[in-house]
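**Q** Sharing a model that was predicted from the sequence below.
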Amino acid sequence: MKHQNKFHFPTKYLLAILTFLCVIMIVLSFIIDDFARPVKNTVAKIVIPIQSGMNDIGIWLTDKSDNLKELNDVMSENEALKKELAELKESNALSVQEKNELQRLRELYELDSKYNSYSKIGASIISKDSGNWFSTFTINKGAKDGIKVDMNVIGNGGLVGIVAEVGDNYSIVRAIIDDESNVSAQFSSTSDECIVKGDLMMINEGVLSVINIDKDAKVADGDMIVTSNISQKFLPGILIGYVKNIKDDPNNLTKSAQITPVVDFAHLEEVLVITELKDTGKK
Amino acid sequence: MLRTISTALLIFIFYILQCTLFNTLSLASVSPNLMIIITFAIGFMRGRKAGIITGFFCGLLIDCFSGSVLGFNALIFMYIGYFNGVFHRLFYDEDVTLPLSLVVGSDFAYLFSFYVIRFVLRNRLNFGEYFVKVMLPEMLYTVIIAIIMYRLLLKWNRFLESREQRSEIKFD
C-alpha cells in the first residue's frame, strides 16, 4: 500500500518545467541587473568559507611536504652552497655597484610613486573559474570590505584585472588574460594608444595581443605599456607589460604586437584591489 | 533520504574540489570537468529523472560563480543528465566502454555548446584550434579522472542500493 501512495511525477513534465525555469532565469538575468544577487550571496555564504579552508589545507600540506623534501636536500645542498658562496662573494662586489645604479634610475621612475598614491586592499585568491574557457578568479574580499564592480586589481607590480562581480564576502576578478578582456592602454614612452586584448589561444605562450597601434607610432620591441588616460574603467599609468613582435597589419593603417605581462598569472596568490574608481566625469 | 543528502553533498564536494584541488593539478592549464563526471554518473546509474535533477543543480552551482547568466549552465547540464539517463537501460556494473564514451560525449556536448554561445557569437571562428587546444585536452583529462571516479561512484551506488533493499524488506 505504501508504495502506491507515492506520487510518480512524469519525467517529461519535469524536464519541461525545469527547462522553462532555466529560460526564465536566463531572460530575467538579462533584463534585471542584480536579479541573481540574493541566490548567489546565499550560495557564497556556504561555498566561500569552505574554499578558503581547502586553500589553507592545501598551503599547509605543500608546506609540510616541502619541509620533508628540504631536509633531504639540505645536506647535499650545503656542500654545493659552500662552493657557491666563494663565487658569490666575488660577484657581490659587482652587484653592489649595479644596485646603486638601479637606485638612481628608480628615483627617476615616476610611475612608482603614482601607484603609492592609490589606496589599496589586500586579498587572496581562493578559487578559479570552474571551466577552462575563461580566466576569472574569486578573491576573499567583497562588498563588506568596500569592494565595488570595476575596481582595478594589481599584483606583482602590474595590472592583474578588474572586479567583474561583487558578492557580500567574495568578488570575481576578470584577469587581463581572459578572452573577453580588453584594456585601453598606451606606450609609456610615446603615449601612443593601443588596445591590450586577452586571447585564449595565446595563454599557454604567456602573451596577450596588442592591437590598434598607430602605423606611424615610433615604438620598438621591449617598450613599456601602461593603462591609458582615456580608459573608461582602468586608472591611468598602471604597468601592464613589455611589448614584442611588432608588425604591420594587412590594412596598412595600424600595427599589432604581442605583450608579455609583468604579472605571473600561473603563480598569483595575493592581489591588491585599488579602492578608487576611475572618475569618468559622469555620475 | 540518505540518497538525496549524500548526492547533494557529493555535488558540493565535487564542485569545491574542481575549483581548488584539481585547479592546482591542472595539466597544460586545463583541469578536468568533475561536474560532467557526476552528472553523467548519476544519470547513467539512476535514470533520467535523477540525471535531470543532478544536472540542474550542478549547472546552477557553476552559474552562481561563473559570473555569467544564471540558468545557462543549468540548462546544458540538465539535458546532459537527461541523455545519460536514457542510457540507463544499458547500465550494468562491469561495463567500461559505454560509460567512458558517454563521458567523452557529455563533455564534448558541454564544451561545444559553450563554444558556440560564448565564442562563435563573438566571431572567434577557428574551431579547429579551439578544439585541439582546449576541448581535446579537457576531454582526455576528464576521461582519465572519470575512470577512477566512476569506480568509486559505482561502489557508492551499490552501497545505497543494498541499504535500500534491506530497509524495504524490513518494512513491508
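**A** Ah, there it is. Numbers count the residues shown, from 1 in each chain, chains lettered A, B, ... in the order given.
**Q** Just the helices from chain B, written as ranges.
**A** For chain B, the helices defined by DSSP state H cover B:2-19, B:21-24, B:34-46, B:48-66, B:72-86, B:97-118, B:127-130, B:136-171.
**Q** Report how many residues lie close to residue A:264.
**A** 11 (other C-beta atoms under 10 Å in any protein chain shown). Bear in mind the C-beta positions are built from the backbone N, C-alpha and C, glycine included.
**Q** What of residue A:14?
**A** 17.
**Q** Kindly report the same for residue B:164.
**A** 12.
**Q** quick one: contacts for it?
**A** residue B:3 (C-beta atoms under 8 Å, 6 or more residues apart in numbering or on different chains).
**Q** pLDDT score for it?
**A** Per-residue pLDDT puts residue B:164 at 83.
**Q** Could you do residue A:75 as well?
**A** Among the per-residue scores, residue A:75 shows a pLDDT of 80.
**Q** Equivalent analysis for residue B:100, please.
**A** The model's pLDDT for residue B:100 equals 90.
**Q** on that earlier part again, looking at the helices of chain B, which is buried most?
**A** Greatest average neighbour count among the helices of chain B goes to helix B:34-46 (a mean of 28), per mean count of other C-beta atoms under 10 Å in any protein chain shown.
**Q** Counting by contacts, list what that helix packs against.
**A** Where contact means 3 or more C-beta pairs under 8 Å, 6 or more residues apart in numbering or on different chains; DSSP states H and E, helix B:34-46 is packed against helix B:2-19, helix B:48-66, helix B:72-86, helix B:97-118, helix B:136-171.
**Q** Make TSV out of those and add distance to residue A:48.
**A** Formatted as TSV, the helices and strands packed on helix B:34-46 follow (distance: least, C-beta to C-beta, whole Å):
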stretch	distance to residue A:48
helix B:2-19	10
helix B:48-66	9
helix B:72-86	19
helix B:97-118	24
helix B:136-171	25
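**Q** Is any residue of stretch A:119-129 near chain B?
**A** Yes: residues of stretch A:119-129 are located near chain B by C-beta under 8 Å from any C-beta of the partner chain, namely A:126, A:127, A:128, A:129.
**Q** what about the helices in the stretch 51-200 of chain A?
**A** Ranges of helices within the stretch 51-200 of chain A are A:111-116, based on DSSP state H, counting those that start in this stretch.
**Q** Of the helices of chain B, which shows the lowest average pLDDT?
**A** Lowest mean pLDDT within these: helix B:21-24, at a mean of 74.
**Q** Send over that helix as CSV, restricted to the C-alpha atoms.
**A** Extracted as CSV, the C-alpha positions of helix B:21-24 are listed here (Å, rounded to 0.1, in the frame of the first residue of the first chain):
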residue,chain,number,x,y,z
LEU,B,21,42.4,20.9,-5.7
PHE,B,22,42.0,20.0,-9.4
ASN,B,23,42.8,23.5,-10.3
THR,B,24,46.3,23.1,-8.9
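**Q** Say whether chain A is contacted by it.
**A** Yes: judged by C-beta under 8 Å from any C-beta, helix B:21-24 comes into contact with chain A at B:21, B:23, B:24.
**Q** quick check, nearest of those to chain A?
**A** The nearest member of those to chain A, counting by C-beta to the nearest C-beta, is residue B:23 at 4.8 Å.
**Q** What sits closest to the closest one if chain neighbours are left out?
**A** residue A:128 (4.8 Å; C-beta to C-beta, 6 or more residues apart in numbering or on different chains).
**Q** try residue A:179
**A** Going by C-beta to C-beta, 6+ apart, residue A:179 has residue A:200 as its nearest residue, at 4.4 Å.
**Q** same deal with residue B:48?
**A** Nearest one to residue B:48, counting by C-beta to C-beta, 6+ apart, is residue B:85 at 3.1 Å.
**Q** Next, the contact list for the one you found, please.
**A** A:11, B:43, B:44, B:46, B:47, B:48, B:49, B:50, B:51, B:52.
**Q** does residue A:167 really touch residue A:42, like I thought?
**A** No: if you go by C-beta atoms under 8 Å, residue A:167 and residue A:42 don't touch, sitting 9.7 Å apart.
**Q** returning to that earlier point: identify whichever of the helices and strands packed on helix B:34-46 lies nearest to residue A:153.
**A** With C-beta to C-beta as the criterion, residue A:153 lies closest to helix B:48-66 of these, at 17.1 Å.
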